[in-house]
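S.K.: Need a 3D model of the sequence below.
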Amino acid sequence: MRHSTLKLLGLSLAALLVCIGAGAAESSDKEVVTLHLMGDSTMADKDISGLNPERGWGMVFENFFDSSVKVKNYARNGRSTKSFIDEGLWDEVKANMKSGDYLFIEFGHNDQKKDKEKVYAPAWGAYQDNLRMFISTARSMGVTPVLLTSVARRHFKDGVLDETTLGDYPQACREVARETGTVLIDMEKATIDWLKKAGDEASREYFMWVEPGVCPAIPQGREDNTHSNARGARRNCDIVCDSIKVKIPALASHLVRYDYVVDQSGRGDFLTVQQAIDAVPDYLDKVCKTILIKEGTYRERIIIPASKCNLRIVGQGADRTILVYDNCARKLWPDTGHEIGTFGSATLFVDASNVTFEDLSVVNDSGPQSEAGQAVAVMTTGDCIFFHRCSLVGNQDTLFTNGRYTQNGTTCRSYYLDCHIEGTTDFIFGSGTVLFENCTIHSKRNSYITAASTSQGEEFGYVFKNCRLTADPGIDKVYLGRPWRDYARVVYLECEMGGHITAEGWHNWSRPEREKTAYYAEYKCSGKGAKTSGRVSWAHKLSASQAREYTLENIFRTGSDTWNPLETK
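M.R.: The predicted model follows:
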């Protein structure tokens, strides 16, 4: 994310350094291989203005590789091997290829158009000659060529697929691959097999069949049996990847797969995060579904309902993938006189269980606390929620761990590892059992960090291990916590506390009776704010034997159920 965007959201680069460093260092050490794609409209990038749903498979192919592989798509609508050369597009490809790269070549749809002189290339003549030239040139540059037959057209008559619409071109391509010893991905055969299996009606869902009046880009509608939508583009990528696994082992080791990809530029399955969430099958808890949210600032209110369980949601870095919204307690619901309230103000609602978030930021940018009041960034009610290398940013009430009990009557659990959490007042609050490990907890106002509402009888509430407590310049009186409910439990173990932490450490929320029921403790913390000599008399100092009980296994055990988020990840 660029500095201007950080400024717009009221963030600073320092606030996100803890989340950025590891990923940046990891990616910078990798040698990048480029896949150069040449082809026609079935592969090409598309203009998505007006919510145009058309996608060439090359447009989304990058989502199927790890960060050590880059995909560069030169494919263009309406091009053949002949026009690709004549228009200088081949020269552009040659200028960018380097030894160790790959060249994927897929033509045929336009080469066969005899009535168009600019594109026509006979199958057993110029078409094959052009393919041979692409292959020989690539090899002379140390580049590995890969030939692909064309994607089949979806032409059904009386329920029977016409398998001949591409004429001799697929076979001509196969012959060149055979004679030159070039890897062949037979897209025509694979797509014919799939279309026949899917049938006429079901296969329409993958092509540009658009009802009139539905899409602003195509108000009149369209029945297109050649070009794919996002779903069809993904299907074609799956076919290519299946062949790569068998035929190109060096690339196969870099393949990845996300069930859903979100990208504002159209290089994914969906444009918004909520669309991806909504697409997840309900109550499919036996299988983990993965969602990649690509780089961008997504301004939307996101709700993950309880039915969308067992998810892994991955960004491309806390500084690059940002989920942001501006609801707040004092704002009114549209067309009503009712305030949204704290519980309705979140940017991200996590009502499902077994959900992991990685490498992204969640922000509530509703404005100063004095104007907005409570404004939640993340609200969780599910069990087994894991945030890793994430940044949660807001002012008052940034993180609301609202899950008190699961459907089995046990305490809801959540884990925050290597995260950055910042706010002003009570910016970590709620119930449940929560472990914060190796996190930066950043205060932006003289106020309180935690406001726990731990249920009576719970052994653990909020546990901070090896965290770093920091503050904005000029902040010098911040309390570690105050009890939102009678039995609040908060423990800091081996944390680094800045000088902004007040000597008293804890506050009773002007309710002296809670001093007898709340449990606040520290163990071997360091820094200017860690001196316990001035702590309130009702706070506790853990012994070494007590501190040893605060392991991940113990904290997240509920009866016979032990959750280890590091194993499930």
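
S.K.: So Glu62 sits against Val71, correct?
M.R.: Yes - at 4.1 Å, Glu62 counts as touching Val71 under the criterion of C-beta atoms under 8 Å. For glycine as for every other residue, the C-beta is placed from the backbone atoms N, C-alpha and C.

S.K.: is His388 in a bridge, and if so with what?
M.R.: Beta bridges link His388 to Glu358, Leu417, judged by DSSP bridges.

S.K.: likewise Ile185?
M.R.: Going by DSSP bridges, Ile185 is paired in beta bridges with Leu148.

S.K.: check contacts around it.
M.R.: The contact partners of Ile185, by C-beta atoms under 8 Å, 6 or more residues apart in numbering, come to Phe104, Val146, Leu147, Leu148, Thr149, Ile239, Val240, Ser243, Ile244, Lys247.

S.K.: These, buried ones only, as a ChimeraX selection?
M.R.: Command for ChimeraX, covering only those of those found buried under the criterion 16 or more other C-beta atoms under 10 Å:
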select :104,146,147,148,149,239,240,243,244
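
S.K.: List the ones among the contacts of Ile185 that fall in strands.
M.R.: Of these, the ones assigned to strands by DSSP state E are Phe104, Val146, Leu147, Leu148.

S.K.: Export these as TSV, with columns for pLDDT and distance to Glu522.
M.R.: Conversion of the ones in strands among the contacts of Ile185 to TSV gives the following (pLDDT from 0 to 100; distance: C-beta to C-beta, whole Å):
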residue	pLDDT	distance to Glu522
Phe104	98	59
Val146	98	60
Leu147	98	66
Leu148	98	63
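
S.K.: Out of those, flag the one nearest to Asp66.
M.R.: Phe104 (17.6 Å; C-beta to C-beta).

S.K.: Hmm, Phe104 is touching Thr34, no?
M.R.: No - at 10.9 Å, Phe104 does not count as touching Thr34 under the criterion of C-beta under 8 Å.

S.K.: Need phi/psi at the residue of the chain most remote from its centre.
M.R.: The C-alpha centroid of the chain is most remote from Gly125, which lies 46.7 Å away (C-alpha atoms, centre = their mean). Note on Gly125: its backbone torsions stand at phi -130, psi -110 [degrees, to the nearest 10].

S.K.: any idea how far it lies from Val176?
M.R.: According to C-beta to C-beta, to the nearest Å, Gly125 stands 12 Å off from Val176.

S.K.: Tell me, domain by domain, which residues of the protein belong where.
M.R.: 31-252, 294-568 (automatic domain parsing).

S.K.: okay, these, which one's buried deepest?
M.R.: A comparison of the domains of the chain by mean neighbour count, using mean count of other C-beta atoms under 10 Å, puts domain 294-568 on top with a mean of 20.

S.K.: to the chain's geometric centre, what's the distance from that one?
M.R.: 22 Å (C-alpha atoms, centre = their mean, to the nearest Å).

S.K.: Please identify which helix or strand holds Ser414.
M.R.: When secondary structure is defined by DSSP states H and E, Ser414 falls within strand 413-417.

S.K.: could you point out which element follows that strand?
M.R.: As assigned by DSSP H and E, the chain's next helix or strand after strand 413-417 is strand 420-423.

S.K.: In the sheet, which strands lie alongside that next one, parallel or antiparallel?
M.R.: When DSSP bridges is applied, strand 420-423 pairs with strand 391-393 (parallel), strand 440-443 (parallel).

S.K.: With distance to Gly108 as extra columns, can I get those in CSV?
M.R.: Shown next, in CSV, are the strands paired with strand 420-423 (distance: least, C-beta to C-beta, whole Å):
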stretch, distance to Gly108
strand 391-393, 48
strand 440-443, 55
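
S.K.: Among the ones you listed, which comes closest to Val214?
M.R.: Evaluated over these, closeness to Val214 peaks at strand 391-393, with 37.1 Å, by C-beta to C-beta.

S.K.: Need the residues that contact the longest helix along the chain.
M.R.: Assignment by DSSP state H gives helix 230-247 as the longest helix of the chain. If you take C-beta under 8 Å, 6+ apart as the criterion, helix 230-247 is touched by 42, 53, 55-57, 59-61, 63-64, 148, 151, 183-187, 190-191, 194, 205-207, 228, 251-252, 255, 257, 266, 268-270.

S.K.: 6 Å instead, please
M.R.: Outside helix 230-247, the residues within contact range by C-beta atoms under 6 Å, 6 or more residues apart in numbering are 55, 57, 60-61, 64, 183, 185, 190, 206-207, 251-252, 255, 269.

S.K.: lowest average confidence, helix or strand, in this structure?
M.R.: Ranked by mean pLDDT, DSSP states H and E, the weakest helix or strand in the chain is helix 3-8, scoring a mean of 40.

S.K.: which ones are touching Ser414?
M.R.: Thr380, Ile385, Thr401, Val434.

S.K.: Distance check, the closest residue to the third one other than its chain neighbours against Ser455.
M.R.: The spatial neighbour of Thr401 that comes closest, neighbours along the chain excluded (C-beta to C-beta, 6 or more residues apart in numbering), is Gly430 at 3.8 Å. Between Gly430 and Ser455 the distance is 11 Å, computed by C-beta to C-beta.

S.K.: next one: Gly268
M.R.: For Gly268, the distance to Ser455 - C-beta to C-beta - is 41 Å.

S.K.: what do you get for Asp224?
M.R.: For Asp224, the distance to Ser455 equals 57 Å [C-beta to C-beta].

S.K.: if we can go back for a sec, of the domains of the chain, which is nearest Pro281?
M.R.: Using C-beta to C-beta, the nearest of the domains of the chain to Pro281 is domain 294-568, at 8.3 Å.

S.K.: Let me see the mean pLDDT of the closest one.
M.R.: Domain 294-568 carries an average pLDDT of 95.

S.K.: Adjust the sequence numbering to begin at 36 for everything that follows.
M.R.: Happy to do that; since the first residue is 36 now, the last one works out to domain 329-603.

S.K.: I figured the residue nearest to Thr436 hits Asn437, correct?
M.R.: Yes - using C-beta atoms under 6 Å, Gly465 is in contact with Asn437, at 5.1 Å.

S.K.: circling back: quick one: which of the contacts of Ile220 is nearest to Phe591?
M.R.: Phe591 lies nearest to Ile279 out of these, by C-beta to C-beta, at 39.0 Å.

S.K.: What does the pLDDT read for that closest one?
M.R.: So Ile279 comes in at 98 (pLDDT).

S.K.: so how far is Trp519 from it?
M.R.: Taking C-beta to C-beta, one finds Ile279 at 54 Å from Trp519.

S.K.: what's the answer for Arg111, then?
M.R.: Distance of Arg111 to Trp519, given as C-beta to C-beta: 60 Å.

S.K.: now swap in Asn165 and tell me
M.R.: Asn165 is 71 Å from Trp519, by C-beta to C-beta.

S.K.: Contact partners for Ile339?
M.R.: Residues counted as contacts of Ile339 (C-beta under 6 Å, 6+ apart) are Ile312, Val385, Ala387.

S.K.: Adding secondary structure, pLDDT and distance to Leu201, write the contacts of helix 265-282 out as JSON lines.
M.R.: What follows is the contacts of helix 265-282, written out as JSON lines (DSSP: H, G, I helix; E, B strand; the rest coil; pLDDT from 0 to 100; distance: C-beta to C-beta, whole Å):
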{"residue": "Arg90", "secondary structure": "coil", "pLDDT": "98", "distance to Leu201": "21"}
{"residue": "Trp92", "secondary structure": "helix", "pLDDT": "98", "distance to Leu201": "16"}
{"residue": "Val95", "secondary structure": "helix", "pLDDT": "98", "distance to Leu201": "23"}
{"residue": "Phe96", "secondary structure": "helix", "pLDDT": "98", "distance to Leu201": "21"}
{"residue": "Phe99", "secondary structure": "helix", "pLDDT": "98", "distance to Leu201": "25"}
{"residue": "Val218", "secondary structure": "strand", "pLDDT": "98", "distance to Leu201": "20"}
{"residue": "Ile220", "secondary structure": "strand", "pLDDT": "98", "distance to Leu201": "15"}
{"residue": "Ala225", "secondary structure": "helix", "pLDDT": "98", "distance to Leu201": "13"}
{"residue": "Tyr241", "secondary structure": "helix", "pLDDT": "98", "distance to Leu201": "18"}
{"residue": "Phe242", "secondary structure": "strand", "pLDDT": "98", "distance to Leu201": "16"}
{"residue": "Leu286", "secondary structure": "helix", "pLDDT": "97", "distance to Leu201": "26"}
{"residue": "Ala287", "secondary structure": "helix", "pLDDT": "97", "distance to Leu201": "28"}
{"residue": "Leu290", "secondary structure": "strand", "pLDDT": "98", "distance to Leu201": "27"}
{"residue": "Asp304", "secondary structure": "coil", "pLDDT": "98", "distance to Leu201": "27"}
